[in-house]
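Participant: model the structure of this input:
(2 chains)
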Amino acid sequence: MKRTHPATRVGQYFALALYLIFLGFPLLWLLSVSLKTPGELASITPHLIPRHWAFGNYSDALHEQGLLRSALNSTIVAVGAMALTVAIALPAAYALGRFRTKLAPVATIWILVSQVFPVILVVIPLFMILRTLGLLNSLFGLILVYLVWTLPFALWMLRGYVAGLPADLEEAAAVDGASRFTILVRIVFPLLRPGIVATAMFAFISAWNEFFFALVLLQGSAQTLPLTLAKFVGSEGQVSLGPLAAGSVLATIPSLAIFAFLQRKLTSGMLAGAVKG
Amino acid sequence: MTISAAPPIAPPEKRQRRAKPKRARQDLWLLVLPALIPVLVLSVVPLVRGITLGFTDSKLGLNIPTHWIGIDNFTQLWHNTLFWESFKIGLIWSVSVTVTQFVLALGLALLLNENLRMRWLARTLALVPWAMPPVIVAIMWKLLLDPTVGPVDAALNKTHLTHTSINWLGDFHSALPAVIVVGVWVGMPQTTITLLAGLQSIPGELHEAAAVDGAGSWRRFVSITLPQLRPVIVAITSLDFIWNFNSFGLVYVLTAGGPGGKTMLPMLFAYNEAFRYGQFGYAAAMGDVMVVLVVLLLGFYLRTQLRSQR
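Facilitator: Next up is the predicted model:
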C-alpha cells in the first residue's frame, strides 16, 4: 500500500477523536453521575470527574423499592427466553440447514415481512391472545413472546453455523447405524457449540433489553428492569439522579459483559448466516 | 484442512442419502414443529389478526362486542390531522436519522478500515450502543441534555455558543433535533459494522490498479468504493429506515412524544390510541396505514436505486 500523506493522517486522527468523543462521552458521563454526591450533582458547573467519589448511589439504587425485584424478574425472563430459544431453534435450524425443503425460503420471507410491520399491529392481538390464555402480566407469557421475537434471527444465525459443518461426519455415523436423534445429540450439537453460545447470548441480551412488549404485556406488579427504570425517570425529580444513573449502570452491565464476549461471534455469525443463507 | 486430499469421486454416494424420503420428511417435521407452533400462534396469527383488526371497532375492555365496520376507521383517519402530523414527524425523524447515521457510519467505517492507532477503542465504542437497553440510552441522554445539571448546556454556555440554558428535550424547536441526535447515536453500531464488512470485501487489487493509473484517494472513493459498496448501502439504509420508523422505546422515555406532540412518532401515537384510549381497531388501522406507506416509500427507493445501477 502507498504511504499516507502526514496531513491526511492528522486529519484522520482528528476525525477519529471526534468519533471517540461522540460515542464515548455519554457513557463516561453516565458513569460520572452515578459516582457523584447529591451536592455535587446540583452544581451548575458540572465536571466529568467527580470531586468526591461516592458509591452511595449504588447502595441507594440497590435498596430502592422494586429495583432489585425487577432485576430478578428481568433475569428470569432473559434466562427463560434464552433457554427456550436455543432448545427450539437448534433442531429447526438443523432441519432448515440440512433438508431440501420449501420451508427455508418461506422462513426467510417471514423474517423480512416481520421486520417491515410495525409492532403495534402485532402487539394488540398478542395482548388479546395472552389475556385469553391468562398469560397477561405473567413473566411466562412475556418469555413466550420474546421466544417468538428472537426466533427468526436465532434460526438465521444457527443455520449459518449448520451450513458450515461438513455433512460427512453425520453420514458416516448414519452408515454405522446411528439414529437421527443420536447423531444430533452426540455429533451435531457438540460441534455447533460456538453457534449455540452466540445464539443463547443474543437471546439473553434481546430479552434483557426489551421494552415495548414488556410495557404493554406487564401492567401488574411484575415488572422488568427497563420498565422500572423508565418509571423512575418520569416520577422523580432532580434529587435521585445519582441512584438513577447507578441503577442504569448496573442494568447495563449484564448485556455489556455478554456483548464484550460475544461481539466477534455475533458479527461473524451474522455474516455466516448471510453468506450461506 | 488439506486441499490436495479432496477425492473427485464423491457423486455416486449422494443418491443414497435420500433413500428414505418418507422417514426424512417425518424427521423434518419433528424438528421444525416446536419452532413452527409458537411462531404461528404468537407471530403469524397476531399479525394477520392485527391487519384485519383495522377494519373493526375493537376496544381494549373485556366482553365488548366487536363489529366489522369496513373502512370507517380509514375514512376517519383521513381527516385526523393529528395522525398525519405525527406521520410527518415520523418521516422527518426516520429520514434524518437514517441519512445522518449513514454518513457518520460511513466515515467511521472508512477510518476503521485504515491502519490507525486507537482503532480498537473506536471499534469497541461503536458497538456499545447495540448492547445497551434503549431505556438506559434514553436515561443517559436525558442526563446529558438536562438544562440545569447537564454538561452539554454548560459547555455551550461556557464557549458562548448559547447564552441562556436550553431545555433541549422540552423546547418546541429543539426537541425533535435533539431526539434525532440520540437516534443517530443508538443506530451507529449496525450501520458501521455492516459498512465495514462491505468495505473489507472490496478486493484490494481494484484500489491498487486505480492508484497505478494515477487516481487520487477521492477519485478512488467515488469510482471504486461507492459503487462496490452500493448493494450494502441500499440494504442497510432500507433496514435503518424501517427500524427507525417503527422505533418506540427510545423516544417514549426521552420525551413521551412531547413537548406538545413535537416528537410524537407514529408508533407512540398508535400506542396511546390503543392502550391509553383503548381504541384497538382505530390503532390497528393506523398500523395498516403506516405499513402500506412505508412499503410504498421503500419500494420507490429500491426501484430508483436498482434503476440507476443498470
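
Participant: how near is the residue nearest the centre of chain A to A:Pro254?
Facilitator: Per CA atoms, centre = their mean, the C-alpha nearest to the average position across chain A is that of A:Ile205, at 2.1 Å. Computed as CB to CB, to the nearest Å, the A:Ile205 to A:Pro254 distance reads 8 Å. Using the backbone N, CA and C atoms, a C-beta is placed for each residue, glycine as well.

Participant: overlap in contacts of the two?
Facilitator: A:Ala78 (CB atoms under 8 Å, 6 or more residues apart in numbering or on different chains).

Participant: close to chain B: what parts of the stretch 51-200 of chain A are there?
Facilitator: Residues of the stretch 51-200 of chain A that fall close to chain B, judged by CB under 8 Å from any CB of the partner chain: A:87-89, A:91-92, A:94-96, A:99, A:101, A:103, A:110, A:113-126, A:128-129, A:131, A:144-145, A:147-149, A:151, A:155, A:171, A:180.

Participant: restricted to helices, list those residues.
Facilitator: Members of those lying in helices (criterion: DSSP state H): A:87-89, A:91-92, A:94-96, A:103, A:110, A:113-116, A:119-126, A:128-129, A:131, A:144-145, A:147-149, A:151, A:155, A:171, A:180.

Participant: among these, name the buried ones.
Facilitator: A:88-89, A:91-92, A:94-96, A:103, A:110, A:114, A:116, A:119-126, A:128-129, A:144-145, A:147-149, A:151, A:155, A:180 (16 or more other CB atoms under 10 Å in any protein chain shown).

Participant: list the buried ones in the top helix by length along chain B?
Facilitator: Across chain B, the longest stretch assigned as helix under DSSP H is helix B:81-112. Within helix B:81-112, the residues that qualify as buried by neighbour count (16+ other CB under 10 Å) are B:83, B:86-87, B:89-91, B:93-94, B:96-98, B:100-102, B:104-112.

Participant: domain-wise, how is chain B divided?
Facilitator: According to automatic domain parsing, chain B comprises the domains B:22-53, B:80-309.

Participant: average pLDDT across the longest helix of chain B?
Facilitator: Mean pLDDT, computed over helix B:81-112, is 94.

Participant: packing partners for that helix?
Facilitator: Packing contacts for helix B:81-112, counted by 3 or more CB pairs under 8 Å, 6 or more residues apart in numbering or on different chains; DSSP states H and E, involve helix A:6-34, helix B:119-131, helix B:175-200, helix B:226-245, helix B:266-271, helix B:280-309.

Participant: any chance of these in a markdown table with mean pLDDT, distance to B:His67 and mean neighbour count as columns?
Facilitator: Formatted as a markdown table, the helices and strands packed on helix B:81-112 follow (pLDDT from 0 to 100; distance: least, CB to CB, whole Å; neighbours: other CB atoms under 10 Å in any protein chain shown):
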| stretch | mean pLDDT | distance to B:His67 | mean neighbour count |
| --- | --- | --- | --- |
| helix A:6-34 | 90 | 49 | 16 |
| helix B:119-131 | 83 | 44 | 18 |
| helix B:175-200 | 91 | 38 | 22 |
| helix B:226-245 | 90 | 31 | 18 |
| helix B:266-271 | 94 | 21 | 25 |
| helix B:280-309 | 89 | 9 | 18 |
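
Participant: make CSV from these and add distance to B:Leu156 to it.
Facilitator: Shown next, in CSV, are these (distance: least, CB to CB, whole Å):
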stretch, distance to B:Leu156
helix A:6-34, 14
helix B:119-131, 23
helix B:175-200, 13
helix B:226-245, 27
helix B:266-271, 28
helix B:280-309, 35
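
Participant: mind checking those for the one nearest to A:Ala167?
Facilitator: Comparing these by their distance to A:Ala167 (CB to CB), the top pick is helix B:175-200, with 27.3 Å.

Participant: other SSEs contacting the closest one?
Facilitator: Against helix B:175-200 (3+ CB pairs under 8 Å, 6+ apart) you get helix A:6-34, helix A:241-276, helix B:81-112, helix B:119-131, helix B:134-145, helix B:226-245, helix B:249-254.

Participant: could you export the fifth one as PDB, CA atoms only?
Facilitator: Output for helix B:134-145, consisting of C-alpha atoms alone and laid out as PDB, is shown next (Å, rounded to 0.1, in the frame of the first residue of the first chain):
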ATOM      1  CA  PRO B 134     -32.800   1.600  24.800                       C
ATOM      2  CA  VAL B 135     -34.400   2.800  28.000                       C
ATOM      3  CA  ILE B 136     -30.900   3.300  29.500                       C
ATOM      4  CA  VAL B 137     -29.700   5.100  26.400                       C
ATOM      5  CA  ALA B 138     -32.600   7.400  26.900                       C
ATOM      6  CA  ILE B 139     -31.900   8.000  30.600                       C
ATOM      7  CA  MET B 140     -28.300   8.700  29.800                       C
ATOM      8  CA  TRP B 141     -29.100  11.300  27.200                       C
ATOM      9  CA  LYS B 142     -31.600  12.900  29.500                       C
ATOM     10  CA  LEU B 143     -28.800  13.400  32.000                       C
ATOM     11  CA  LEU B 144     -26.600  14.800  29.200                       C
ATOM     12  CA  LEU B 145     -29.200  17.200  27.900                       C
END
